[in-house]
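S.K.: Dropping the sequence and predicted coords here.
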Amino acid sequence: MLGGLGLATFIAPSCIMGKGSRAYASQWVERLAVCRTLADVTNRFECLDVTGKDGRIGWDNAGNRLTLLTFPNGGWMVLRTLNSHGHIQGGTLITHDSTGTNRVFFGHVCGSETLKGNTMTEAYSNLLSIGTFNRKEVFLNARR
């Protein structure tokens, strides 16, 4: 009996598949909304700059960690994610960018996500079109 319980404890977290959390997203939208400049972001959060890097970057977005992408025109965006696998609130992507816009997406988030693109439009398009992850944008009425 104890062996079965131990196995269930080990397997159960990997069976959880989060599909997005308004509560988790709202917390991060609020934290990011006060950031008006890139310096505000980098002073408040630990950022992994993925500018010019291709492919998946291993970054778990634990604690205050964000993924950062900058663009040739001086624009920037940061990404906060929570993996769908093993997290009830998982399946959540939150972005904040140099225009002051916060965007939230729910759907399959598999491991560490990366930002890529030469423009903000391209980067947002890439977030929505990764594989067959079927993500949708969710509006939380968050303002800067």
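M.R.: Ah, there it is.

S.K.: Only C-alpha atoms from now on, for both contacts and neighbour counts.
M.R.: OK.

S.K.: Might you report the residue contacts of Gly52?
M.R.: Taking C-alpha atoms under 8 Å, 6 or more residues apart in numbering, we find Gly52 in contact with Lys116.

S.K.: a helix runs through it, doesn't it?
M.R.: No - under DSSP: H, G, I helix; E, B strand; the rest coil, Gly52 sits outside any helix and is assigned coil.

S.K.: For the helix or strand where Thr42 lies, which outside residues touch it?
M.R.: Using DSSP states H and E, Thr42 maps to helix 38-44. The contact list for helix 38-44, computed with C-alpha under 8 Å, 6+ apart, reads 32, 35, 76, 98.

S.K.: and the gap between the second one and Asn102?
M.R.: The one in question is Cys35. 11 Å (C-alpha to C-alpha, to the nearest Å).

S.K.: ditto for the third one
M.R.: Distance check for Trp76 against Asn102: by C-alpha to C-alpha, it reads 12 Å.

S.K.: who's more crowded, those two?
M.R.: Neighbour totals were compared for Trp76 and Asn102, and Asn102 leads with 24 against 19 (other C-alpha atoms under 10 Å).

S.K.: The more buried one touches Leu93, doesn't it?
M.R.: No - applying C-alpha atoms under 8 Å as the test, Asn102 and Leu93 come out as separate, 10.5 Å apart.

S.K.: just to revisit the earlier point, any idea which helix or strand comes after the helix holding Thr42?
M.R.: Assigned by DSSP H and E, the successor of helix 38-44 is strand 46-49.

S.K.: buried stuff in the helix holding Thr42?
M.R.: 38, 41-42 (16 or more other C-alpha atoms under 10 Å).

S.K.: what does the model give Thr67 for pLDDT?
M.R.: If you check Thr67, the pLDDT there is 87.

S.K.: is it fair to say it lies in a strand?
M.R.: Yes - assessed by three-state DSSP, Thr67 belongs to a strand.
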